[in-house]
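>>> Build the 3D model from these lines:
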Amino acid sequence: MSIISTIGRKSLKVRCLIWSIYLVLTLGALTMIYPFWLMISGTGKSSTDVSELKLIPSYLVDDDAYYRKTAASLFNELIVSAQMLYNMPLHDFRQLPIPKDKKEKLCNEWEEFLGKKNFPFYYYFLGHSHAGVSNNTRPENFRNYKDALFEEFDGDLTAMNDAKGTEFATWNALMVNESPFAPRRTIPNPTVKYNEEWYMHKTAAPKHHRVYVNASGFFKGSFLYPQYSKDVANYNKSHKTNYKDYSDVRLSRRFPANATAKEKDDWDFFVREILNLFWIRVDASQNPAYRKFIAAKYGTVASLNKIYGTKYKSFADVKLPTEIPAPYHGALISDYGDYLKGWLDPQTKILHKAPAKSIYLCSVEFLFQDYLKEKYKTIAAMNKALGTDYKSFDLVDAPQWEYHYTKIMADKKHQRWEFATRNFKTVFAYIALQGRGVINTVIYCVLAVLCALTFNPLAAYALSRFQLPSTYKILLFLMLTMAFPQMVTQIPNFLMMRELGLLNTFGALVLPGLANGYSIFLLKGFFDSLPKELYESAMLDGASETRIFLQITMSLSKPILAVIALNAFTHAYSNFMMALLICQDQNMWTLMPWLYQLQQTSCQAVIYASLIIASIPTFLIFMLCQNVIMRGIVVPVEK
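Just a heads-up that it's a prediction; the model follows:
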């Protein structure tokens, strides 16, 4: 029977009361939904929008925010790389400008140029391969690489480590540190099979995910800005120049003979000491001088062949390298670098050093200029065909900024979905690959629910059915167990489990919660409310106590049993501290310790994704139990 009758509902005051109750409940629901929705929207955050608090993330509705977020992912969230390779002063990806002139025809030439040249892996670094700021976020290209390795070795990490020369402790420990080979200290190491596999993966990845090394940008971003700041006025003051903007300051292909003394010094020091040898060549006319340097350093051809692993017949066979050969390190590369920097013969005191005017640069932007010059012959013909207004081929920059913008905007649907789901994929992969976490959790939860539905009803039935003299004392004792937090009993439980030899077993997880005082108290109260006539009728029919318990008491107690089962599952599933304390062996860890470990080293977005994924099983169990609980409330018990 309703609390408010049908006739009473027609009253204006009662209607206002009902609507007020609905309003309060709605507001209460919103206070729960709003933070939860914020957490859902936060699962796609990265370094560009980590401080954003919006129900709908900006990257889903704002193209500019989407572009900057994708550009950050393309540069693996390393602003220094963007500043260097886009050849512009930047402090944050949120400051990355939108190109006003998309230079579509020039971008088409750039794409055609890249397709014809088919550069080796060290000419570029691969975007979307790691997150430099958003810890534990696993971008698309790295996930594809890890999945390929996992499939290749059927999930056998030991076999992978043996084959690839690595020592990763888990599959989730796999990582790559992708950065441009611009500074001299960064060199690839293909002798490690794991690295070689990654370099092969780079060549198979989408071409618009590549960012090519720009020596001019590296010159400004890593050499000029740290010394003279990003204010061109400071540069002009120290170099006695009058450039209007840093865009006018350029790294020339060859030694700038007509520049100021300070500009010459900068170019010479940068090329000889800092720029990677991949992008530096010396004119073939210097081969005789280079041979003298090699002869002075090694003395005999036999010594040279022993160190180089070559079969030169005389020093006349030695030539300046036109390409840096694999494995990209060793005596030959070291000698080439020494010749560029200058090597003083300790015996003759003669300095062997490549003349500045014989050195030239061959990074991608210069090769692109050569490609355009060969194709169009004159700058006027190129400007007419491409709709540009360059004064010379030497002023043409590689249009990577505009090219990436065009490709990013053309891939909006895929990339937005990637941002929305990549952290969930990261957490799912972490859970699936972390030992027996999922299996242990399922076993533990099933055992906890079964024990809760077995021992608690038996104890409550005994107290309710058989009026024991000490019933209320027992109930008081059970109520007292609720007065102490779990942390108080953890140490005694640990000591007891250790004495019984049950540490790192399911018994240690289940036994401390085998009987629950609160559950027994609830069940006894529910059993007491059941009609005594049912028990009397069953006894007259000759039913045994076991049959009465199973067919009458348990059958009529489904709503409260659903509550007990839900509580038991929630306690077991969310059990972190006790599970970690008594099961310190990682092979016995449940999901909660694993997720806690993930959250300690993860960014905000991964933490949000892990919390949402962790809440799904509890939500599903509650939905399954909800109908049973509501049926017990609505349908009279006597039915």
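
>>> if I pick the most centrally placed residue in the chain, what's in contact with it?
Note on the chain: the residue nearest the mean C-alpha position is residue 137, at 1.0 Å, using Cα atoms, centre = their mean. With contacts defined as Cβ atoms under 8 Å, 6 or more residues apart in numbering, the neighbours of residue 137 are 46, 131, 422, 423, 426, 603, 605, 606. (Each C-beta comes from the backbone N, C-alpha and C, glycine too.)

>>> State the three-state secondary structure for it.
Of the three states, residue 137 takes coil under DSSP: H, G, I helix; E, B strand; the rest coil.

>>> Out of the contacts of residue 137, which sit inside helices?
Counting by DSSP state H, the contacts of residue 137 place 422, 423, 426, 605, 606 in helices.

>>> List just the nearest of the contacts of residue 137 to residue 39.
Using Cβ to Cβ, residue 605 is the member of the contacts of residue 137 that sits closest to residue 39, with 10.0 Å.

>>> That closest one reaches residue 39, doesn't it?
No. Counting by Cβ atoms under 8 Å, residue 39 is not a contact partner of residue 605; they are 10.0 Å apart.

>>> ok so, going back, out of the ones in helices among the contacts of residue 137, which one sits closest to residue 461?
Of all the ones in helices among the contacts of residue 137, the one sitting nearest residue 461 is residue 606; the distance, using Cβ to Cβ, is 46.8 Å.

>>> burial of the closest one, as a residue count?
Counted with other Cβ atoms under 10 Å, the neighbours of residue 606 add up to 26.

>>> re the thing from before, what about residue 605 and residue 39, which has more around it?
Between residue 605 and residue 39, counting by other Cβ under 10 Å, residue 605 is the more crowded of the two (28 against 17).

>>> Tell me which residues touch that one, please.
When contacts are counted by Cβ under 8 Å, 6+ apart, residue 605 is found next to 42, 43, 44, 45, 46, 50, 134, 137, 423.

>>> Over to residue 406?
For residue 406, the set of contacting residues under the criterion of Cβ under 8 Å, 6+ apart consists of 102, 104, 107.

>>> Which among those count as buried?
The neighbour count (16 or more other Cβ atoms under 10 Å) marks 102, 107 as buried among those.

>>> Could you pull out the helices in the stretch 301-450 of the chain for me?
Counting by DSSP state H, counting those that start in this stretch, the segments of the stretch 301-450 of the chain that form helices are 301-308, 331-341, 364-376, 379-386, 400-410, 412-433, 437-465.

>>> how far is the first one from where the chain is centred?
For helix 301-308, the distance between its averaged C-alpha position and the chain's averaged C-alpha position is 47 Å (Cα atoms, centre = their mean, to the nearest Å).

>>> what's next to that helix, contact-wise?
Outside helix 301-308, the residues that reach it (Cβ under 8 Å, 6+ apart) are 294, 298, 310, 311, 312, 313, 314, 315, 318, 330, 331, 332.

>>> Tell me which of these has the lowest pLDDT.
For the contacts of helix 301-308, the minimum pLDDT belongs to residue 330; the value there is 86.

>>> For that residue, give me its contacts.
By Cβ under 8 Å, 6+ apart, the contact list for residue 330 reads residue 308.

>>> Over to it: give its phi and psi.
Note on residue 330: backbone dihedrals following degrees, to the nearest 10 are phi 120, psi -170.

>>> any idea how far residue 321 is from it?
Spatial separation of residue 330 from residue 321 under the definition Cβ to Cβ, to the nearest Å is 12 Å.

>>> again with residue 299
For residue 299, the distance to residue 321 - Cβ to Cβ - is 21 Å.

>>> When these two are compared, which one has more neighbours?
With neighbours defined as other Cβ under 10 Å, residue 299 and residue 321 compare such that residue 321 has more, 14 against 11.

>>> My read is that that one contacts residue 328, right?
No. Proximity of residue 321 to residue 328 does not meet the contact threshold set by Cβ under 8 Å, at 11.2 Å.

>>> element containing the closest residue to residue 387 other than its chain neighbours?
Across the structure, with Cβ to Cβ, 6 or more residues apart in numbering as the measure, the residue nearest residue 387 apart from its sequence neighbours is residue 105 (5.8 Å). Assigned by DSSP states H and E, residue 105 falls within helix 104-117.

>>> Likewise for residue 87?
When secondary structure is defined using DSSP H and E, no element contains residue 87, which sits outside every helix and strand.

>>> what's near enough to touch it?
Neighbouring residues of residue 87 by Cβ under 8 Å, 6+ apart: 214, 216, 217, 220, 221, 247, 397.

>>> Of these, which is the nearest to residue 510?
If you rank the contacts of residue 87 by distance to residue 510 using Cβ to Cβ, residue 221 comes first, at 59.3 Å.

>>> Surely the closest one is in a helix?
Yes. Counting by three-state DSSP, residue 221 is located in a helix.

>>> number of nearby residues for it?
Residue neighbour count, defined by other Cβ under 10 Å, stands at 25 for residue 221.

>>> so how far is residue 626 from residue 493?
Following Cβ to Cβ, the distance that separates residue 493 from residue 626 is 32 Å.

>>> ok, now how distant is residue 209 from residue 125?
According to Cβ to Cβ, residue 209 and residue 125 sit 10 Å apart.

>>> what about those two, which has more around it?
When residue 209 is set against residue 125 and neighbours are counted by other Cβ under 10 Å, the residue ahead is residue 125, at 25 against 21.

>>> ok so, going back, I'd like the average pLDDT over the helix holding residue 105.
Taken as a whole, helix 104-117 has an average pLDDT of 93.

>>> what angle do that helix and helix 379-386 make?
Using axes from the mean of the first three to the mean of the last three Cα atoms, to 10 degrees, the inter-axis angle of helix 104-117 relative to helix 379-386 is 100 degrees.

>>> ok, back up a step: and which of the contacts of residue 87 is nearest residue 458?
Taking Cβ to Cβ as the measure, residue 221 is the one of those closest to residue 458, at 73.2 Å.

>>> residues touching that closest one, list them.
Taking Cβ under 8 Å, 6+ apart, one finds 80, 83, 84, 87, 89 in contact with residue 221.

>>> Could you find the lowest-pLDDT member of those residues?
Of all the contacts of residue 221, the model is least confident about residue 87, whose pLDDT is 79.

>>> Can you list the strands that the strand or helix carrying residue 281 pairs with?
For residue 281, the enclosing helix or strand under DSSP H and E is strand 280-282. Within its sheet, and counting by DSSP bridges, strand 280-282 is paired with strand 359-361 (antiparallel).

>>> Look at stretch 165-173 and report the distance between its end residues.
As for stretch 165-173, its first-to-last residue distance stands at 15 Å under the measure Cα to Cα, to the nearest Å.

>>> what's in contact with that stretch?
Stretch 165-173 is touched from outside by 146, 150, 155, 157, 160-161, 174, 192-194, 429-430, 433-434, with contacts defined as Cβ under 8 Å, 6+ apart.

>>> Please indicate which of those are buried?
In the contacts of stretch 165-173, burial by neighbour count holds for 146, 150, 157, 160, 174, 194, 429, 430, 433, 434, counting by 16+ other Cβ under 10 Å.

>>> Tell me which residue of this protein is positioned farthest from its centroid.
Relative to the average C-alpha location in the chain, and by Cα atoms, centre = their mean, no residue lies farther out than residue 540, which sits at 68.3 Å.

>>> Could you pull out the buried residues of whichever helix or strand residue 297 is part of?
Under the criterion DSSP H and E, the helix or strand holding residue 297 is helix 287-298. Within helix 287-298, the residues that qualify as buried are 289, 290, 291, 293, 294, 295, 297, 298, counting by 16+ other Cβ under 10 Å.

>>> ok, the fourth one to residue 312 distance?
From residue 293 over to residue 312 the distance is 15 Å, taken as Cβ to Cβ.

>>> ditto for the third one
For residue 291, the distance to residue 312 (Cβ to Cβ) stands at 10 Å.
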